[in-house]
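Asker: I'd like to go over a predicted model; first the sequence, then the structure.
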Amino acid sequence: MAAHPIHPALVHFPLGLLLSATLVDVGQLAGLWAEPRLAALLIAGGLVGGLAAMAAGLYDFSRLTDAQVPHALRHMAAVGTAWLGYAAALYLRRDALTGEGGPSTASLATSIASALVLGLGGWLGGELVYRYGAGRLDS
């Protein structure tokens, strides 16, 4: 287990939770349902899971080659920006957690924008592994 990178195993949980929150937001905008707490809870779980994934990512970062580092920094910038965006979206909908109102337009827009940036960050992470060989045991 020590030779395998931990970060790739952990990222699926926050990715799934955060992107699901945005899907819930889009569904709410489309009028499919009106449960304002669901997206907020998904975001909160995704943010906590994201912290664990980021911690593991920093450890794995220390094991990269010099040629992989610039690509990793782009990935880190994108997912870090997305994490901050989702944190802002959660803050903007803090009343939804108590059931006192739905998410604001700003919170919905921030959630959607953060999902796009998170998608870019995930793609960059995939590039880091599959194109640049990060985390390969034979490299």
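Answerer: Thanks, I have the structure now.

Asker: tell me the centre residue of the chain?
Answerer: Residue closest to the average C-alpha location in the chain (Cα atoms, centre = their mean): residue 15, at 4.7 Å.

Asker: just give the closest residue to that residue, not the sequence neighbours.
Answerer: Excluding its sequence neighbours, the residue lying closest to residue 15 (Cβ to Cβ, 6 or more residues apart in numbering) is residue 122, at 6.1 Å. For every residue, glycine as well, the C-beta is placed using N, CA and C.

Asker: what's the neighbour count on the one you found?
Answerer: 18 (other Cβ atoms under 10 Å).

Asker: would you mind measuring from it to residue 91?
Answerer: 23 Å (Cβ to Cβ, to the nearest Å).

Asker: do residue 61 as well
Answerer: Taken as Cβ to Cβ, the span from residue 61 to residue 91 is 28 Å.

Asker: which other helices and strands contact the helix or strand bottoming out on mean pLDDT in the chain?
Answerer: Within the chain, confidence by mean pLDDT, DSSP states H and E is lowest for helix 94-97 among all helices and strands, at a mean of 80. Packed against helix 94-97, as judged by 3 or more Cβ pairs under 8 Å, 6 or more residues apart in numbering; DSSP states H and E, are the following elements: helix 36-61.

Asker: related to what we said a few turns ago, what does the helix or strand hosting the residue nearest to the centre of the chain rub up against?
Answerer: Using DSSP states H and E, the element containing residue 15 is helix 12-29. Residues outside helix 12-29 that contact it (Cβ atoms under 8 Å, 6 or more residues apart in numbering) are 33-36, 38-40, 42-43, 45-50, 52-53, 82, 86, 102-103, 108, 111-112, 114-115, 118-119, 122.

Asker: one more pass at 7 Å, please.
Answerer: With contact meaning Cβ atoms under 7 Å, 6 or more residues apart in numbering, helix 12-29 is reached by 33-34, 38-39, 42-43, 45-46, 49-50, 53, 86, 103, 108, 111-112, 115, 118, 122.
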